[in-house]
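Undergrad: Here is the input, now give the coordinates:
(one chain, ligands or ions: 3)
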Amino acid sequence: MTLEEQICAKARELLESGEAEVVVGFAAGTMPLTVRPAFIRDPADTSRLTWNRLCTPALARYVQEYIRDRRNRRDYDVAKTKKVAVVVSPCDERALVAYMKENQFTRADIYVIGVNCAVPLIDRKKVLDKVGVYSVRNARIDGDKVIVLTTAGSEVQLPAADFVENICAVCTRRSIISADATLGTAAIPGKASDRFGRVREQESRAPDERWNWLREEFSRCIRCYACRQACPVCYCEECFADQRNPSWIGPATAEEDILAFHIVRCFHTAGRCVECGACERACPMDIHVRVLSDKLVKEVVEKFDYEVDAALDAKPPLSTYKPDDPNEGFM
Ligand code: SF4
Ligand code: SF4
Ligand code: SF4
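TA: Ligands and ions are numbered 1, 2, ... in the order given. Coordinates of the predicted model:
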């Protein structure tokens with residue numbers, strides 16, 4: 001069976017047996033080189049599920065929202081509640097772990113269908129930039145090639161290796177840790193790579209240079225909030241940036257408001273960022289948003305020896321404190 005067939009079969013089994021009420025996965029998108037989230041409730045619909053190199057991590061957030069909304073329904077009855085099954089890559093699995101640590105749901109609420117990352121994902125934006133966004137009539141990935149049919153009617157074959165997702169290029173964790181079912185390729189050892197390369201580059205600069213880089217890079221921000229909406233750990237029902245009483249930051253694109261938004265958002269992800277790259281992928285202005293969150297990931301790893309996918313009972317550093325902590329500022 002192909003990986004897709006295995007996913008469909010597992011989804012059908014979970015729905016037919018009544019173990020899960022819904023399977024959250026990916027279905028083919030309507031635009032070239034896209035996929036979209038699919039909520040499958042009918043076993044007969046499971047054939048809509050797909051899995052390919054365009055399935056960038058995004059589904060964990062839908063699971064969090066689905067379970068939250070279900071809990072808020074008037075007719076919610078915990079005794080009649082079934083599991084929410086979800087198909088995840090290792091990045092999305094980390095987001096599930098982060099949610100469970102933040103009590104958004106429990107392990108018993110979900111059924112995890114894990115897929116190890118045998119091949120790196122393809123960044124659609126990079127393909128469109130190469131060919132020209134208005135020149136693509138259709139496109140598909142075939143093995144190690146991206147095959148584009150242009151609006152002029154010609155077929156262009158491009159090496160897939162040229163369009164690898166930034167997160168995959170430095171990924172050190174390509175295997176699922178704790179799924180209910182792991183499908184496809186067996187566990188894959190992570191490659192040695194410097195996941196904090198861009199942060200180290202900034203750290204090597206003088207403070208003035210870093211500040212100038214930050215101002216320049218974020219001067220393109222249009223405050224569309226796509227980075228926040230895509231981020232699995234930005235799930236506050238009312239973001240500080242939207243609050244008006246009190247109003248923490250102005251709503252416009254003044255430099256101080258843009259920087260305040262990004263710096264505060266970044267601090268809110270400290271010890272929680274799952275390094276999925278969704279923020280940067282969503283940005284229409286190609287801003288390197290992750291340099292900020294990566295810096296805090298690096299600080300948390302180095303100073304607290306904590307990774308977000310550590311064991312479920314490992315407390316995130318900002319969710320705990322020790323009365324005898326030797327650092328100033330603690331109780
Ligand atoms: S800050 Fe970016 S990389 Fe980190 S969890 Fe959010 S979307 Fe993913
Ligand atoms: S920036 Fe902060 S307040 Fe806004 S959604 Fe993210 S975590 Fe919540
Ligand atoms: S997605 Fe990009 S442009 Fe939009 S708010 Fe985030 S950084 Fe700014």
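Undergrad: For my notes, confirm residue 235 occurs in a helix.
TA: No. Assessed with DSSP: H, G, I helix; E, B strand; the rest coil, residue 235 is coil; it does not lie in a helix.
Undergrad: and whichever helix or strand residue 7 is part of, what other elements does it pack with?
TA: Using DSSP states H and E, residue 7 sits in helix 3-17. Contacts defined by 3 or more Cβ pairs under 8 Å, 6 or more residues apart in numbering; DSSP states H and E place helix 3-17 against strand 20-28, strand 49-50, strand 83-88, strand 110-115, strand 181-183. (C-beta placed from N, C-alpha, C; glycine too.)
Undergrad: Now do it: distance to the chain's middle.
TA: The chain centroid and the centroid of helix 3-17 are separated by 23 Å under Cα atoms, centre = their mean, to the nearest Å.
Undergrad: same question, stretch 161-175
TA: The answer for stretch 161-175 is 13 Å, by Cα atoms, centre = their mean.
Undergrad: and it, average pLDDT?
TA: Across stretch 161-175, pLDDT averages out at 90.
Undergrad: what's in contact with that stretch?
TA: 56, 90-91, 94, 116-118, 120-123, 126-127, 130, 144, 146, 187-195, 197, 275-277, 280-281, 309 (Cβ atoms under 8 Å, 6 or more residues apart in numbering).
Undergrad: Can you give me the neighbour number for the residue of the stretch 101-250 of the chain found nearest ligand 1?
TA: Nearest residue of the stretch 101-250 of the chain to ligand 1: residue 231, at 3.3 Å (Cβ to the nearest ligand atom). Residue 231 has 24 neighbours, counted by other Cβ atoms under 10 Å.
Undergrad: Can you tell me the closest non-neighbouring residue to it?
TA: residue 279 (5.1 Å; Cβ to Cβ, 6 or more residues apart in numbering).
Undergrad: Enumerate the residues of the stretch 101-250 of the chain near ligand 1.
TA: Neighbours of ligand 1 within the stretch 101-250 of the chain, by Cβ under 6 Å from any ligand atom: 230, 231, 232, 233.
Undergrad: Going along the chain, name the strands of the stretch 51-200 of the chain.
TA: For the stretch 51-200 of the chain, the strands defined by DSSP state E, counting those that start in this stretch occupy 83-88, 110-115, 136-142, 145-150, 155-159, 181-183.
Undergrad: What about residue 182, how many residues nearby?
TA: For residue 182, the count of nearby residues is 18 (other Cβ under 10 Å).
Undergrad: Write down the beta-bridge partners of it, one by one.
TA: residue 114 (DSSP bridges).
Undergrad: ok and the residue in the stretch 1-150 of the chain nearest ligand 2?
TA: Counting by Cβ to the nearest ligand atom, the stretch 1-150 of the chain gets nearest ligand 2 through residue 102, at 10.7 Å.
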